[in-house]
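Peer 1: Next come a sequence and a model predicted from it.
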Amino acid sequence: MNEINIKVAVERGLKKRQARERRFRLIGKSAIFTGLGILALLLTSIIWNGMGAFWQTRIALDVEFDSSVIDPEGNRSTEALYKANYTALVKASLRKAFPDVKKRRDKRKLYSLISNGAGYELRDLVLQNPALIGQTQRIWLLADDDVDTYGKHFRDKEDKTGTRLNAKQIAWLATFEKSESIQQNFNTTFFTAGDSREPELAGIRGAVMGSLYTLLVTLALSFPIGIAAAVYLEEVAPTNRWTDFIEVNINNLAAVPSIVFGLLGLAMFINFFGMPRSVPLVGGLVLTLMTLPTIIISSRAALKAVPPSIREAALGLGASRTQTIFHHVVPQAMPGMLTGTIIGMAQALGETAPLLMIGMVAFIVDIPGGPLDPSTVLPVQIFLWADSPERAFLERTSAAIMVLLVFLILMNLIAVKLRRKFEQRW
Amino acid sequence: MPLPTLILTLLLLSIFAFWIGRKRAISVVGGDARKLHSQPVYYGHVTAIWCGLPAMILLLLWISFESNIVTSLVINDLPVEIREGNQEQLGLILNDVRNRASGNIASDEHQAVTQAAVDHYRQLISISNGLLVVCVLSLAILGIGLARRAITAEQRARVIVERVVNFLLMSSASIAILTTIGVVLSILFEAIQFFRLVPIGDFIFGLEWSPQIAIREDQEGSSGAFGMIPLFAGTMLIALIAMMVSVPIGILSAIYLSEYASKNFRATAKPLLEILAGIPTVVYGFFAALVVAPFIRDSGYSIGLDVSSESALAAGLVMGIMIIPFISSLSDDVINAVPQSLRDGSYGLGSTKSETILRIIVPAALPGIVGGVLLAVSRAIGETMIVVMAAGLSANLTANPLDAVTTVTVQIVTLLLGDQEFDSPKTLAAFALGLALITVTLVLNVIALRIVRKYREQYD
């Protein structure tokens, strides 16, 4: 009697409970797909916005390399060729292409179709080949970023609100199009130039080199120090208060917000030691302090994974403790330590906030040639460009993010490969 | 001799010293290495250490003190009226001198005064460089000679080398302590300077934050207002929104991955979710400003709400996304640490999987999960780039997530971007904020770690 009652009660509730089970499962699954969906949204929005930056508009003009402009004295000296007013050549050829533009304001609008950097391109051409002087040649010149943006986003649309070109400029561009003298090429400037106020002339080379020098300094300092510290704590250190104190410190440092390391760098390295601002050396020092806990903690885990039998065997054969550590334990743990270091470097590569504090946000056009040249780094460049209102800069920001992500993915892939290849099961 | 060349020379000398030491050790015992206390390489190492280490230490000390000494010598050489005049002016002149000595173009204002100083500076630097090379190299060679002479068959070379190695290992580990001391001292020092200018009570309990300093002395409100309450309120608001996004998603994904998911699904979904943790924060900031904030503003307008374009909601949402993998991997660890016997017991009593999870596993893992959430909160509070790019600058004391608020980290960055003078309360305020920030995050971390550790002891 009682048994039957229980059975009935259980069966009555069973359907509800199973429905609840299914619902819970669904909620769990949807949580994961929300996370993955956001990841996909983030990546696609960046790729969507950034792909355009890899193409750049150029306009073909018949440029007359007028010797009276380039080299009025006729001596072909490099200095004279270097200093000549090449922008005037660009303007002259624009006037020739549209002879009916007479008003001053219209002329200015016409000139603004071509980038300010076109003059430098002509200069480089002439310096390379002075025989050009006096000739007229059809040359593909860099278009202004407004033209570029127009071609990418507004040309095929009915609604042209938002473009920074006026009706006349659009008509001129249509003329260029008819004569097939406007086209989009692969954007090499983006990879070879430093920063610029003009989006079409801006590139990430300077920031990439700055990141490279900063990471080199970080690696050179944090790899040996981190591994030595891990070896000491895991293998050598006696268990006493001092060791405990060091351990607590490392764990706390791992949790300190990165911006605090920037404050430290500013107060100590720059204000107290008088080191220069904006240089990769100081950036590398700050990032070293920031990544050391990561490297120490993962290196310790790698050392811990080496079984005690290895140590005992070495000690039993008469090796000293130091010999045991450096001939047997550390080589076995090296893949794990390298993995930790690469992950630490990836973290350092993506870090922005502490570098803002030590002045690596300056507007720097030159490409740094060493760790003592003022420079910026890739994430900071992204931060700087993200602030600019031009649509072309928005494109370049996304493209720079893509480059940064490619570097990060590569580093992580190397770390994973390394771990897979050398992972040992004891 | 430029510095890299000097260091390279020193390295080559050390290699040479190694070779000399080893050769000497073998010749001391007449070629029979068994008679030595240690293997011959150790004698080489000892000689190399004697050659390289003292010289390297001298080099480092020299470099760190050179510029200070040279500067003070140059100052002593300047005319009295400049030396004892305006300190700022003196700094500018010194900068000029340095620039011109290294061949850069500087302002011509003090041409006459500084020419002598520039020459003096150049002369001192060249003397110092020459002296450095001579001292370092002779110290290295002296070290080789002494070490070579000390080599005997009984010398315990291996012990010496191991002692030096152990010392080097320990000093590397101590850098962590030096860093902590450096962080605390540098921030504390500047913060104390700040509290001299602004009373500490005003800072902690003040309800208004407007660090703008007036240009004219008599301008109203020239001292600015430095109350940190609105900043912390803004930080907490954004952190709260972030937690509301990341805690449910993170914990539910962890539960699904560890209890329901097939091995294959887990092997693909988990690393994919962890990509979210590897994306630099500046990318999240850009995403927040470019996609999320406009989307929230537009959808707010369409239902008639007035949403700020730098709303706390946008920054908080994106920060929550960033923290999802952090919470999910920490929760995953603690859920996996719950012993299988608890699950088996629950299934044996006839409960469904979800009942086991909700009534047995989650309560058992709760302390660990709470610890993980606290760590995530501390990370949200210290997060900088997302809020710098997506949150506002105006310090509103509000609980409305659609308004713009500002955070502690945003203010630190804003105060320190550009040129800093270390005597204005505006710059120093950033350090006081930094002090408050590390205090809060450290306390949260200590509590979180303690909870996590206490929990672990239960099942081990």
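Peer 2: Structure received.
Peer 1: Report pLDDT for residue 4.
Peer 2: Assuming you mean chain A. Reported pLDDT at residue A:4 in the predicted model: 79.
Peer 1: wait, I meant chain B there
Peer 2: With respect to pLDDT, residue B:4 has a value of 82.
Peer 1: ok, now residue B:57?
Peer 2: 91.
Peer 1: Double-check that it belongs to a helix.
Peer 2: Yes: applying DSSP: H, G, I helix; E, B strand; the rest coil, one finds residue B:57 inside a helix.
Peer 1: Give me the distance between it and chain A.
Peer 2: Remark: distance between residue B:57 and chain A (C-beta to the nearest C-beta, to the nearest Å) = 17 Å. C-beta here means a position set from N, CA and C on the backbone, and glycine is covered the same way.
Peer 1: Check residue B:254 too.
Peer 2: For residue B:254, the distance to chain A equals 9 Å [C-beta to the nearest C-beta].
Peer 1: got a list of what that residue touches?
Peer 2: Residues near residue B:254 by C-beta atoms under 8 Å, 6 or more residues apart in numbering or on different chains: B:327-329, B:331-332, B:335.
Peer 1: State the helix or strand in which the closest residue to it other than its chain neighbours lies.
Peer 2: Leaving out its chain neighbours, the residue that sits closest to residue B:254 by C-beta to C-beta, 6 or more residues apart in numbering or on different chains is residue B:331, at 3.7 Å. According to DSSP states H and E, residue B:331 maps onto helix B:312-337.
Peer 1: helices or strands next to that helix in the packing?
Peer 2: In terms of contacts (3 or more C-beta pairs under 8 Å, 6 or more residues apart in numbering or on different chains; DSSP states H and E), helix B:312-337 is packed against helix A:2-50, helix B:229-255, helix B:263-278, helix B:281-287, helix B:293-302, helix B:362-382, helix B:385-390, helix B:425-459.
Peer 1: Same question for it: list its buried residues.
Peer 2: The neighbour-count check on helix B:312-337 (16 or more other C-beta atoms under 10 Å in any protein chain shown) flags B:312-335 as buried.
Peer 1: ok, then the element right after it?
Peer 2: helix B:340-348.
Peer 1: who's in contact with whichever helix or strand comes after that next one?
Peer 2: Using DSSP H and E, the helix or strand that follows helix B:340-348 towards the C-terminus is helix B:353-356. The contact list for helix B:353-356, computed with C-beta under 8 Å, 6+ apart, reads A:17, A:20-21, A:24-25, B:259-260, B:343, B:346-347.
Peer 1: cool, stretch B:255-265 as well?
Peer 2: Stretch B:255-265 is contacted from outside by A:25, A:28-29, A:31-32, B:266, B:269-270, B:328, B:331-332, B:335-336, B:353, B:357, B:361-362, using C-beta under 8 Å, 6+ apart.
Peer 1: Report the distance from it to the chain centre.
Peer 2: Relative to its chain's centre, stretch B:255-265 lies at 36 Å (C-alpha atoms, centre = their mean, to the nearest Å).
Peer 1: Apart from its neighbours in sequence, what residue is nearest residue B:170?
Peer 2: Spatial nearest neighbour of residue B:170, chain neighbours left out: residue A:232 (5.5 Å); criterion: C-beta to C-beta, 6+ apart.
Peer 1: related to what we said a few turns ago, now render the helices and strands packed on helix B:312-337 as TSV, adding distance to residue A:292.
Peer 2: Formatted as TSV, the helices and strands packed on helix B:312-337 follow (distance: least, C-beta to C-beta, whole Å):
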stretch	distance to residue A:292
helix A:2-50	30
helix B:229-255	27
helix B:263-278	19
helix B:281-287	20
helix B:293-302	35
helix B:362-382	18
helix B:385-390	21
helix B:425-459	17
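Peer 1: Could you say which of those helices is packed most deeply?
Peer 2: Mean neighbour count, computed with mean count of other C-beta atoms under 10 Å in any protein chain shown, is highest for helix B:385-390 among the helices and strands packed on helix B:312-337, reaching a mean of 30.
Peer 1: Show me what the next helix or strand after that helix is packed up against.
Peer 2: Next in sequence after helix B:385-390, counting helices and strands by DSSP H and E, comes helix B:408-416. If you count contacts as 3+ C-beta pairs under 8 Å, 6+ apart, helix B:408-416 packs onto helix A:258-264, helix A:353-357, helix B:229-255, helix B:385-390, helix B:425-459.
Peer 1: need the contact list for the residue in chain B that chain A sits nearest to.
Peer 2: Closest residue of chain B to chain A, C-beta to the nearest C-beta: residue B:382 (2.5 Å). By C-beta under 8 Å, 6+ apart, residue B:382 lies in contact with A:256-260, B:409, B:437, B:441.
Peer 1: Identify, from those residues, the entry nearest to residue A:138.
Peer 2: Using C-beta to C-beta, residue A:258 is the member of the contacts of residue B:382 that lies nearest residue A:138, at 52.6 Å.
Peer 1: which parts of the helix or strand containing residue A:395 are buried?
Peer 2: Here residue A:395 sits within helix A:391-422, counting by DSSP H and E. By 16+ other C-beta under 10 Å, the buried positions in helix A:391-422 come out as A:391-405, A:407-408, A:411-412, A:415, A:418-419.
Peer 1: again with stretch A:163-176
Peer 2: A:163, A:165, A:169, A:172-173, A:176.
Peer 1: wait, isn't residue B:324 in contact with residue B:244?
Peer 2: No: if you go by C-beta atoms under 8 Å, residue B:324 and residue B:244 don't touch, sitting 11.9 Å apart.
Peer 1: Near chain B, which residues of the stretch 301-426 of chain A are found?
Peer 2: Taking C-beta under 8 Å from any C-beta of the partner chain as the measure of proximity, the stretch 301-426 of chain A contacts chain B at A:320-322, A:326, A:346, A:349-353, A:356-357, A:361, A:379-380, A:382-383, A:386, A:394, A:397-398, A:401, A:404-405, A:408, A:412.
Peer 1: could you redo the last one with a cut-off of 6 Å?
Peer 2: Residues of the stretch 301-426 of chain A that fall close to chain B, judged by C-beta under 6 Å from any C-beta of the partner chain: A:322, A:350, A:352-353, A:356-357, A:379, A:382-383, A:386, A:401.
Peer 1: Any stretches of the stretch 201-350 of chain B with poor pLDDT?
Peer 2: B:212-223 (pLDDT under 70).
Peer 1: rerun at 50
Peer 2: B:221 (pLDDT under 50).
Peer 1: Kindly report the residues of it close to chain A.
Peer 2: B:249, B:252-253, B:255-256, B:260, B:269, B:272-273, B:276, B:280, B:282-283, B:286-287, B:291, B:321, B:324.
Peer 1: Tell me the secondary structure of residue A:62, please.
Peer 2: Assigned with three-state DSSP, residue A:62 falls in the strand class.
Peer 1: Tell me how many other residues surround it.
Peer 2: 12 (other C-beta atoms under 10 Å in any protein chain shown).
Peer 1: Distance check, the residue lying closest to it once chain neighbours are set aside against chain B.
Peer 2: Nearest residue to residue A:62, sequence neighbours excluded (C-beta to C-beta, 6+ apart): residue A:138, at 5.3 Å. Between residue A:138 and chain B the distance, using C-beta to the nearest C-beta, works out to 39 Å.
Peer 1: any idea which element residue A:138 lies in?
Peer 2: Residue A:138 is part of strand A:136-142, with elements assigned from DSSP H and E.
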